[in-house]
Every structure is written in C-alpha cells, then in structure tokens.
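Chemist: predicted structure and sequence below. I'll ask about it afterward.
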Amino acid sequence: MNFVWQNLRKRGQNKAAIRSLERLVSSPSADLVLLQETFARRILEIDRLAHTVPIYVSRDLSAFVGPAIGNVAVFCDEPFVLGLTLNALTVLNVHLSAYQGAKRSQQLECMLRLLDKSINNNIVIGGDFNLAPYDRDGLFNGAFSSWTLDSERRVLRELMKRHGLFDVLGESPPQEFTIERHLRGGLVQFRCDFILCSEALRSSAQASYIHEARTGSWAFTDHSGMRLSLETRK
C-alpha cells in the first residue's frame, strides 16, 4: 500500500498545481493521497485526482483513494486531524496550528485521546505538525530554533510511547528538512512534516521525502511531500 502526504498551501484551485500533484501521485501510483491546506477560500468539487477519487474534501484536510483500496471509513473530521480506518489500520492526516505552540499541545492531547479509543492496533500518522520533533529538526541560521515548545515535544513523546510509534523519516541521517525559507533576515530550516508508524509495521515501512514538490522544475508548494510504502494484511 502506497501513501502520499502533501501540504498544498491552499493551491487546490490552481490548475497547474493540481497537474503537478497528479504527476507526483501517479509515479509510483499512490493508493491513498492525504492533503493539508487544500483550498484558500472555497471548496471546489474534485471528481478525480489522477487515478484516485475523493472520500473527504475540506478547505484544509482532504483524502483521495485509489482502486486497490478496500473499505475506508472516516471516524474523525476535526479541523486539525482527519481520521480514517482501512484494512485494519488507523490512519491520521494532520495539520496542527501554524501559530501557537500551546494550541499544538492541545491538539496533540486530543489526538492522544482519539488513539486511546482506536480499535486497530496498527497506526499511521502523517502530515504537517508545524513543530520540530527534535532540536536538530528546527534551525534558524544554523542554530537550534526556539519555535517548538518543550511542552509540545512532551505530548508528542507521550503519544509515541503510549501507542508504540516511531518516526519513520527521523531516525537515520542524513538530516532532511521539509521547509527552507528566508525569514527576518535568516534561513529557516524545518522538518515539520513527518510520519509516525506503529512499531509492528517497522519491518515493512519504507518512506522518503518528495523534495521535488518544493524544489523541482515543477514545484507547486513550499513543503516537501512524503511517500510511504507499507505491506499490510487485508
């Protein structure tokens, strides 16, 4: 099963951006496409995204599925988290607050309670957390940034520990960032987009960042996308 996460930065109404997104999800073919910040003002009807069809579309979080996916159910549609169940998996698509660390902590605590109620043992969480999970993941001019609060990281660690999750793209060098921009006269480098998976899925989880989404000749956003390949039992 192939997953793709991508922050569109509200460019879902931009035809060129959608064409680039379709290129991204088509090679290799994605079974589940999970978007953040889909639209700027109004929700458009999207009948199809390459080979996938919508199961949930909103201004922020959206999800599209391919023909190989079986039954999918939406069990949570909060503004910051979209919860899906499919093939004995609990899948969360997240976009936490871009402005307040305290708000992100509250949202993580809500996710923790949500997962406590999950009937599935295997969990996959991905998207734009708007926080750096480790000091090395948030830099300003090469030095550790103070953007992410210790309280946020404590709740994130509790969520990972309680539900046996690991950071698929954060455990091995080299360091990769999903946002790099100049701000207030300095260089911001930030790994705020990441994937958490159940330890039981470690042996089959293969993931990579899609930096072409923000740096390639057909770039259409300022966030790197993410791709996850997972062997699952139906």
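Modeler: That came in fine, so what should we check first? The shown structure was predicted, so the numbers you read here are calculated from the model rather than taken from an experiment. Numbers count the residues shown, from 1 in each chain.
Chemist: show residues contacting stretch 93-107.
Modeler: 5, 7, 34-37, 60-61, 63, 80-82, 84, 108, 111, 125-131, 147-149, 151-152, 155 (C-beta atoms under 8 Å, 6 or more residues apart in numbering). In this view, the C-beta of every residue, glycine as well, is placed from N, C-alpha and C.
Chemist: if we use 6 Å, what do you get?
Modeler: Stretch 93-107 has contacts (C-beta atoms under 6 Å, 6 or more residues apart in numbering) with 34, 36, 60-61, 80-82, 127-131, 149, 151-152, 155.
Chemist: any weak-confidence spans in the protein?
Modeler: 232-234 (pLDDT under 70).
Chemist: run through the bridge partners of the one residue sitting closest to the centre of it.
Modeler: The residue lying closest to the centre of the chain (C-alpha atoms, centre = their mean) is Gly127, at 1.3 Å. Counting by DSSP bridges, Gly127 is bridged to Val94, Phe194.
Chemist: and it, how far from His95?
Modeler: 6 Å (C-beta to C-beta, to the nearest Å).
Chemist: again, but for Ala68
Modeler: Going from Ala68 to His95 by C-beta to C-beta gives 26 Å.
Chemist: again, but for Ala88
Modeler: Separation of Ala88 from His95 (C-beta to C-beta) stands at 25 Å.
Chemist: out of these two, which sits in the more crowded spot?
Modeler: For Ala88 versus His95, the count of surrounding residues by other C-beta atoms under 10 Å is larger for His95: 23 against 12.
Chemist: give the buried residues for the longest helix anywhere in the chain.
Modeler: When the chain is parsed with DSSP state H, its longest helix is helix 101-116. Residues Gly101, Arg104, Ser105, Gln106, Gln107, Leu108, Met111, Leu112, Leu114, Leu115 are the ones in helix 101-116 that count as buried (16 or more other C-beta atoms under 10 Å).
Chemist: ok, the residues you listed vs Ala200, which is closest?
Modeler: If you rank the buried residues of helix 101-116 by distance to Ala200 using C-beta to C-beta, Leu115 comes first, at 14.4 Å.
Chemist: excluding residues flanking it in the chain, which one is nearest the closest one?
Modeler: Using C-beta to C-beta, 6 or more residues apart in numbering and skipping residues adjacent in sequence, the residue nearest Leu115 is His163, 5.3 Å away.
Chemist: count residues in the vicinity of that neighbour, would you?
Modeler: For His163, the count of nearby residues is 19 (other C-beta under 10 Å).
Chemist: sounds good, over and out.
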